[in-house]
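Trainee: My questions are about this predicted structure, shown below with the sequence.
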Amino acid sequence: MKKPTKVVEYNLEASEFNWDIAPGRTIEAWGFNKQVPGPVLKANVGDTLVIRVTNNLKEPTMIHWHGLRIPASMDGTGATQKPIEPGEVFEYRFVVPDAGTFWYHSHFNETVQLERGMYGALIVEDIIDPVSDGEKVFMIDDMKLNPANKFTKPGWFVPRIIERHDGREGNTLLINGKENSMIDIHAGQTERWRFINSSSARYFMLSLEGKEFKIIGTDGGLLEHPRTVTEVLITPGERIDIAAGPFNEGESFPIESLGYNRSTYLTAKRQTFATINVGERKPSIAFIPETLRRIEPLAKQDGVITRKVKLSVGPSFKDGMDFLVNDDIHVNDKPVKVGELQIWEVSNTSLMDHPFHLHGFFFQVIEENGKAPEYMAWKDTVNLPPRSKIKIAWTPDNRPGTWMYHCHILEHHAAGMMATFNVIDGDKPTDGMISNQAHHHH
Ligand SMILES: [Cu+2]
């Protein structure tokens, strides 16, 4: 019953170009194939993706495939590959093992390259996906522009410290690279909408003006059961798939973000990103079953903790504040062994939120502040509110190499809240992996 697998090829060209985020509002974007976001890459489970990246920027780049369980050498970080220099081509090649909503983005000079538009969606489909009447991908972003529509960096000490502290939130609200988009859906139909938060630091509390929708999937694919809600938080790096509709003909309502207070200097407010217009009624074939799939628990809540990861902040003489993992910046963490169950206690002792992202592997949250979570999901990015503690369970499968975890607020990642670690295969040599003795402070 599986579809035969195939090789799916794409070419991505990274370059600088002009991009209209609104009529008459043109930015100097950096991106893929002269569009923001880059093209949606699509494959079926088990396919081999071959993506040739040509770098026509004036600086190096690398592409990270966020959420994909692929070999370490394809992960697109400084720990696993040399940057793609200007004029060079690098071919990424990997099998996509899981269905879900993923994304690709620059993992080099991210606070500049990602901010300017170097990201796109990567959708992997499977025959077990629920039937809908249509599908839309929504990439959430914001850009911080001056009145001349130029990207600016805070020059003065205080604004610079605030941006480092809060992460950069922009003064534009973008869905798929556009301000104030008009989006159509037919009355009577139910669509799958895949939301991806590709912003540097914006917490997106999705609301459809209070209308109910069903969450059907997240980072690592489908949930076990749909969850009917009126709002859901999507932090930087996270994905949420919803079943939206059916709506009534002639209705119009916003895709908005409700205020979320992530305890920074920025104030939380309700903001509209796009407008949905419900058109002519059409018949529906959509079917969202009550059981989407089974997710087997990896570990019990009281399983033995194998590692503690503490996210915190501390004073820095140079920059006001450092962003820390286990009281250090840019950490080289201990290795883990292929096949050995990991139960990590991840805590946030700071007074602001941090979205924790693990590269290359899915985990299950098995405890949140001492309680079992309300539902099962495969995650690669999870939010830690101030003074919170969670346990995550995951198993390194047979993909040895150097991996990383970090806060997905790009400014916090850059300021040190990240760690690399090796996945080692018992007796095999660790060629090409970084040494745990080499301790880099950037
Ligand atoms: Cu953070």
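Mentor: Okay, I see it.

Trainee: for the protein, what helix or strand is lowest in average pLDDT?
Mentor: Of all helical and strand segments in the chain, the minimum by mean pLDDT, DSSP states H and E falls on helix 157-166, at a mean of 69.

Trainee: show me where pLDDT drops low in this protein?
Mentor: Along the chain, the model assigns pLDDT under 70 to residues 1-3, 154-159, 161, 263-267, 319, 427-442.

Trainee: one more time with 80
Mentor: Where the chain drops to pLDDT under 80, the residues are 1-3, 152-170, 261-268, 316-320, 426-442.

Trainee: got the buried residues for the lengthiest strand in it?
Mentor: Selection of the longest strand in the chain by residue count, based on DSSP state E, yields strand 7-22. Residues of strand 7-22 classed as buried by neighbour count (16 or more other Cβ atoms under 10 Å): Tyr10, Leu12, Glu13, Ala14, Ser15, Phe17, Trp19, Ile21. C-beta: built from backbone N, CA, C; applies to glycine.

Trainee: what helices or strands is that strand leaning on?
Mentor: Under the contact criterion of 3 or more Cβ pairs under 8 Å, 6 or more residues apart in numbering; DSSP states H and E, strand 7-22 touches strand 25-32, strand 41-44, strand 48-55.

Trainee: Only alpha carbons, please: show stretch 223-240 as CSV.
Mentor: The C-alpha trace of stretch 223-240 is given here as CSV (Å, rounded to 0.1, in the frame of the first residue of the first chain):
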residue,chain,number,x,y,z
LEU,A,223,-1.4,14.0,16.2
GLU,A,224,-3.3,11.0,17.4
HIS,A,225,-6.6,12.9,17.5
PRO,A,226,-7.7,16.2,16.2
ARG,A,227,-8.0,18.9,18.9
THR,A,228,-10.8,21.5,18.5
VAL,A,229,-9.6,24.9,19.7
THR,A,230,-10.0,28.6,19.0
GLU,A,231,-6.4,29.6,19.4
VAL,A,232,-2.9,28.0,19.4
LEU,A,233,0.6,29.3,20.1
ILE,A,234,3.2,28.8,17.3
THR,A,235,6.6,29.8,18.4
PRO,A,236,9.6,30.5,16.1
GLY,A,237,10.5,27.3,14.4
GLU,A,238,7.3,25.5,15.2
ARG,A,239,4.7,24.1,12.8
ILE,A,240,1.0,23.6,13.4
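
Trainee: I'd like the numbering to begin with 393 instead of 1 from here.
Mentor: Renumbered: residue one is now 393, and that last one reads stretch 615-632.

Trainee: right, is it up against the ion?
Mentor: No - legend: contact between stretch 615-632 and the ion by Cβ under 5 Å from the ion is lacking; minimum distance shown is 8.8 Å.

Trainee: excluding its backbone neighbours, what's nearest the residue in the stretch 643-792 of the chain that the ion sits nearest to?
Mentor: Nearest residue of the stretch 643-792 of the chain to the ion, counting by Cβ to the ion: His746, 3.4 Å away. Closest residue to His746 apart from its sequence neighbours, by Cβ to Cβ, 6 or more residues apart in numbering: Cys799 at 4.5 Å.

Trainee: do Val701 as well
Mentor: Once flanking residues are discounted, Val701 sits nearest to Val738: 4.7 Å by Cβ to Cβ, 6+ apart.

Trainee: Okay, and the beta partners of Ala421?
Mentor: Phe409 (DSSP bridges).

Trainee: I'd like to know how far it sits from Ser590.
Mentor: 13 Å (Cβ to Cβ, to the nearest Å).

Trainee: Also Val705?
Mentor: 24 Å.

Trainee: Could you check which of the two is surrounded by more residues?
Mentor: Set Val705 next to Ser590 and count neighbours by other Cβ atoms under 10 Å: Ser590 wins out with 26 against 21.

Trainee: So what's the residue count around the residue nearest to Val701?
Mentor: Applying other Cβ under 10 Å, I find that Val738 has 23 neighbouring residues.

Trainee: after the least confident helix or strand of the chain comes which helix or strand?
Mentor: strand 566-567 (DSSP states H and E).

Trainee: how far is that next one from where the chain is centred?
Mentor: Taking the mean of its C-alpha atoms, strand 566-567 sits 15 Å from the chain's own mean (Cα atoms, centre = their mean, to the nearest Å).

Trainee: For that strand, give me every contacting residue.
Mentor: With contacts defined as Cβ atoms under 8 Å, 6 or more residues apart in numbering, strand 566-567 is touched by 413, 428, 530-535, 573, 575, 647, 665-666.

Trainee: The following helix or strand past it pairs with which strands, parallel or anti?
Mentor: Where DSSP H and E defines the elements, the next helix or strand beyond strand 566-567 is strand 573-579. Using DSSP bridges, strand 573-579 pairs in its sheet with strand 663-673 (parallel).

Trainee: near the ion, which residues of the chain?
Mentor: Near the ion, the residues belonging to the chain are His746, Cys799, Ile801, His804 when assessed by Cβ under 5 Å from the ion.

Trainee: mind listing what the closest residue to the third one other than its chain neighbours touches?
Mentor: Same thing as Ile801. Nearest non-adjacent residue to Ile801, counting by Cβ to Cβ, 6+ apart: Gly559, 3.9 Å away. Shown in contact with Gly559 (Cβ under 8 Å, 6+ apart): Ser592, Ala593, Pro628, Thr656, Ile801, Leu802, Glu803, His804.

Trainee: Next, count neighbours for Ile801.
Mentor: Ile801 - counted by other Cβ under 10 Å - has 30 other residues nearby.

Trainee: Correction: the previous question concerned Val701.
Mentor: Counted by other Cβ under 10 Å, the residues lying close to Val701 total 19.

Trainee: wait, doesn't it sit right on Tyr797?
Mentor: Yes - at 7.2 Å, Val701 counts as touching Tyr797 under the criterion of Cβ atoms under 8 Å.

Trainee: Spell out which residues are contacts of both of these two.
Mentor: Common neighbours of Val701 and Tyr797 (Cβ under 8 Å, 6+ apart) are Asp725, Phe748, Ala811.

Trainee: Name the residue of the stretch 543-692 of the chain with the shortest distance to the ion.
Mentor: For the stretch 543-692 of the chain, Cβ to the ion, closest residue to the ion: Gly559, 6.9 Å.

Trainee: ugh, typo on my part, it should be the stretch 393-542 of the chain
Mentor: Nearest residue of the stretch 393-542 of the chain to the ion: Thr503, at 12.7 Å (Cβ to the ion).
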